[in-house]
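Peer 1: give me the fold of what follows.
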Amino acid sequence: MASITLSGLSWATPDGRRILSGLDLAFGRERAGLVGRNGTGKTTLLKLIEGRLQPAAGSVAVSGTVGVLRQTVQVRPEETIADLFGAGGALEILRRAEAGLADADELSRADWTIEERIAAALARVGLDAQIGTCLAALSGGQRTRASLAAVTFAEPDFLLLDEPTNNLDRAGRQAVVDLLAGWRAGAVVVSHDRELLEEMDAIVELTTLGATRYGGNWSRYRARKAIELEAARHDLDQAKKQVDEVKRKAQAAAERQDRRDSAGARKGAKGDMPRILLGGCKSRAEASRGDGMRLAERQQARAQSGLAEARARIEILQMLSVVLPSTGLGAGRRVLRLDRVAAGYDRPLIHDLSFAMTGPERVAVVGPNGAGKTTLLRLIAGQMQPLAGTVAVMVEAALLDQRVGLLDPARSILENFARLNPDASDNACRAALAGFLFRADAALQRVGSLSGGQMLRAGLACVLGGARPPPLLILDEPTNHLDVEAIEAIEAGLAAYDGALLVVSHDETFLTNIGIVRRLDLSPGSTR
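Peer 2: Numbers count the residues shown, from 1 in each chain. Model prediction:
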């Protein structure tokens, strides 16, 4: 029976930073979602299973075949969809057979149904493309779909999927969800896509403490986590009470000893006690005081240890939270207006678009990849000019694109915050960044050294964490590189944000949770 078994698995970076330590995990014929904060080692774990990395300690045992879908699909200029499927040789034999040039050996090896089966595999992931299409001619999302079709085409015992829905439009995301829903072999899926995680049979969470398996899908995992968090909070309260109680008892014992010592000293001062007895009483008092202090120290150490353990559990389990100041945007204030706009690059992507926002509306820009969603956001942000029509933005606006271009990569997060919020004190800067999990020295990290998820979180912190956030916030696929806890933190912050939101996202759960009230559909033929 096919299986993946990890025993005492550890791995560290070349500079010695420990990422995974002593993991014991097993995967069978199931769909397992691998979740955890950015940097906990999810992609590293997939690479160890695949054999691209070697463990520092422990072992990886794989029984069965494995198909891998990586986050980034690298392509050569001449590579085609057929090459992705490893079908170039088989198709060449078919072409020779059709031309009457194949010899007997080639005819015996000919796979007469391969074209139909590849077409069916592409259809399963919603990709309408020919087998001979060059991969370089496809969008990033289309290449991801083609790669997923090729991985499943081989019918491996296990799929290893690393963020399979990143960069996919709504139809592509749904195709992946549907494919995994019907997958009956094994799969280990790194994802922050909560719709996809609902199709899992188990959730494995990676934290700094190790790996924990939860049976069931994302909803069941979240319910269990809520129970754990409540229990951890209760334990923390009890640990704090225990520390206070130990301190109180130690103080009371010390005061009693002081009273006894004072009484002995007064009696000795009267001179009615023999010197030898007086010395014995003094020695016993000193020994008693020493014993009491050592006992109190042991009790306080145990209480503090219990408190530290309880706090560590809260640190791991506590959901992030973001609180934002008001933008002061009034309900009747006109935010932006587009009148019969055309926009694009070599050719127009947007034609005759009229659109307006008033007050703190929350609008999602939707449509398939290539429909012009990012172009529209850049147009509104003033990064490009329309080919026709007018664009008017009546309030201060901030655009967070996927590269977070408003941040200076050569400066620290703290320096970027101070640059974008020049009136904020150092304490205010640090407090705002702490709300986005950049505490203490983490705020001193150079932006250019951050992961994609950390960079977007830093951008949000710098834009939203100031004393007066901009009344219009424009977001381009904000959840693409964030872990689920960070996404939920952003959702909580945006739910409290009282300005206008214009968001491009294919994450339906995210759009629902931030309270989108209107959609601007750029799909061809849409009535908008």
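
Peer 1: helices of the stretch 151-300 of the chain, start to end?
Peer 2: With helices called from DSSP state H, counting those that start in this stretch, the stretch 151-300 of the chain shows them at 170-181, 194-197, 218-270, 275-317.

Peer 1: average model confidence for the longest one?
Peer 2: For helix 218-270, the per-residue pLDDT values average out at 74.

Peer 1: other SSEs contacting that helix?
Peer 2: If contacts are counted by 3 or more Cβ pairs under 8 Å, 6 or more residues apart in numbering; DSSP states H and E, helix 218-270 sits against helix 194-197, strand 202-207, strand 210-215, helix 275-317. Glycine gets a C-beta too; all of them are placed from N, C-alpha and C.

Peer 1: go again using 7 Å as the cut-off
Peer 2: On a contact count with 3 or more Cβ pairs under 7 Å, 6 or more residues apart in numbering; DSSP states H and E, helix 218-270 meets strand 210-215, helix 275-317.

Peer 1: next one: it to chain centre, how far?
Peer 2: 38 Å (Cα atoms, centre = their mean, to the nearest Å).

Peer 1: ok and that helix relative to strand 202-207, angle-wise?
Peer 2: On the basis of axes from the mean of the first three to the mean of the last three Cα atoms, to 10 degrees, helix 218-270 is oriented at 40 degrees to strand 202-207.

Peer 1: next, the angle strand 210-215 makes with helix 218-270.
Peer 2: Using the same axes, to 10 degrees: helix 218-270 against strand 210-215 is 130 degrees.

Peer 1: now do the first one
Peer 2: Relative orientation of helix 170-181 versus strand 210-215 (the same axes, to 10 degrees): 80 degrees.

Peer 1: what's the average pLDDT for helix 170-181?
Peer 2: 88.

Peer 1: buried residues in whatever helix or strand residue 416 lives in, which are they?
Peer 2: In this structure, residue 416 sits in helix 413-420 according to DSSP states H and E. Under the neighbour-count criterion of 16 or more other Cβ atoms under 10 Å, helix 413-420 has 413, 414, 415, 416, 417, 418, 420 buried.

Peer 1: and what of stretch 148-157?
Peer 2: Here stretch 148-157 shows 148, 149, 150, 151, 152, 153, 156, 157 as buried, counting by 16+ other Cβ under 10 Å.

Peer 1: residue 166: neighbour count?
Peer 2: 21 (other Cβ atoms under 10 Å).

Peer 1: helix, strand or coil for the residue lying closest to it once chain neighbours are set aside?
Peer 2: What sits nearest to residue 166 in space, not counting adjacent residues and going by Cβ to Cβ, 6 or more residues apart in numbering, is residue 480, at 5.5 Å. Counting by DSSP: H, G, I helix; E, B strand; the rest coil, the backbone at residue 480 sits in coil.

Peer 1: what about residue 475, helix or strand, and which?
Peer 2: Going by DSSP H and E, residue 475 is in strand 472-476.

Peer 1: how far away is residue 479 from residue 344?
Peer 2: 26 Å (Cβ to Cβ, to the nearest Å).

Peer 1: which of those two has more neighbours?
Peer 2: residue 479 (25 against 15).

Peer 1: residue 404: what's it in contact with?
Peer 2: The contact partners of residue 404, by Cβ atoms under 7 Å, 6 or more residues apart in numbering, come to 455, 456, 459.

Peer 1: give me the pLDDT for residue 156.
Peer 2: Per the predicted model, pLDDT is 94 at residue 156.

Peer 1: mean confidence for the helix holding residue 416?
Peer 2: The model assigns helix 413-420 a mean pLDDT of 95.

Peer 1: ok, then the element right after that helix?
Peer 2: helix 426-434.

Peer 1: residue ranges with poor pLDDT in the stretch 1-150 of the chain?
Peer 2: Within the stretch 1-150 of the chain, the stretches with pLDDT under 70 are 71-75.

Peer 1: what about the strands in it?
Peer 2: For the stretch 1-150 of the chain, the strands defined by DSSP state E, counting those that start in this stretch cover 3-12, 18-27, 31-36, 57-63, 66-69.

Peer 1: most packed of the ones you listed?
Peer 2: Each of the strands of the stretch 1-150 of the chain was scored by mean neighbour count; the highest is strand 31-36, a mean of 24, by mean count of other Cβ atoms under 10 Å.

Peer 1: quick one: strands adjacent to it?
Peer 2: Note on strand 31-36: by DSSP bridges, its sheet partners are strand 186-190 (parallel), strand 202-207 (parallel).

Peer 1: ok and the first one relative to strand 18-27, angle-wise?
Peer 2: Looking back up the chat, that one is strand 186-190. Using the same axes, to 10 degrees: strand 186-190 against strand 18-27 is 150 degrees.

Peer 1: can you list contacts of strand 186-190?
Peer 2: Taking Cβ under 7 Å, 6+ apart as the rule, strand 186-190 contacts 2, 27-34, 42-43, 46, 49, 157-164, 180, 196, 200.

Peer 1: among those residues, name the buried ones.
Peer 2: 2, 27-28, 30-34, 42-43, 46, 49, 157-164, 180, 196, 200.

Peer 1: thinking residue 40 is in contact with residue 205, fair?
Peer 2: No - Residue 40 is not in contact with residue 205 according to Cβ atoms under 7 Å; the separation is 8.7 Å.

Peer 1: residue ranges in the stretch 401-528 of the chain under the pLDDT threshold?
Peer 2: Judged by pLDDT under 70, the stretches of the stretch 401-528 of the chain that qualify are 452, 527-528.

Peer 1: helices of that one, start to end?
Peer 2: Taking DSSP H, counting those that start in this stretch as the criterion, the stretch 401-528 of the chain carries its helices at 413-420, 426-434, 452-464, 484-496, 508-513.

Peer 1: wait, which of the strands of the stretch 1-150 of the chain is closest to residue 352?
Peer 2: strand 66-69 (39.1 Å; Cβ to Cβ).

Peer 1: pairing partners for that closest one, with directions?
Peer 2: Paired strands of strand 66-69, defined by DSSP bridges, are strand 158-162 (parallel).

Peer 1: how far off strand 57-63 does the strand it pairs with point, in degrees?
Peer 2: Counting by the same axes, to 10 degrees, strand 158-162 lies at 130 degrees to strand 57-63.

Peer 1: any idea whether the closest residue to residue 392 other than its chain neighbours is helix, strand or coil?
Peer 2: Among residues not flanking residue 392 along the chain, residue 337 sits closest, at 4.8 Å (Cβ to Cβ, 6+ apart). Look at residue 337: counting by three-state DSSP, its state is strand.

Peer 1: residue 337 against residue 353, yeah?
Peer 2: No - using Cβ under 7 Å, residue 337 makes no contact with residue 353, being 11.2 Å away.

Peer 1: compare these two (neighbour count), which wins?
Peer 2: The residue with more neighbours, out of residue 337 and residue 353, is residue 353; 21 against 16, by other Cβ under 10 Å.

Peer 1: before we move on, the earlier item: worst mean pLDDT among the helices and strands packed on helix 218-270?
Peer 2: For the helices and strands packed on helix 218-270, where the average pLDDT is lowest is helix 275-317, sitting at a mean of 60.

Peer 1: I'd like the strands of the stretch 1-150 of the chain laid out as CSV, including distance to residue 425.
Peer 2: CSV is the format used below for these (distance: least, Cβ to Cβ, whole Å):
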stretch, distance to residue 425
strand 3-12, 39
strand 18-27, 36
strand 31-36, 34
strand 57-63, 47
strand 66-69, 47
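
Peer 1: quick one: which of those is nearest residue 247?
Peer 2: Per Cβ to Cβ, nearest to residue 247 of the strands of the stretch 1-150 of the chain: strand 18-27, 34.8 Å.

Peer 1: and the angle from the closest one to strand 3-12?
Peer 2: Using the same axes, to 10 degrees: strand 18-27 against strand 3-12 is 170 degrees.
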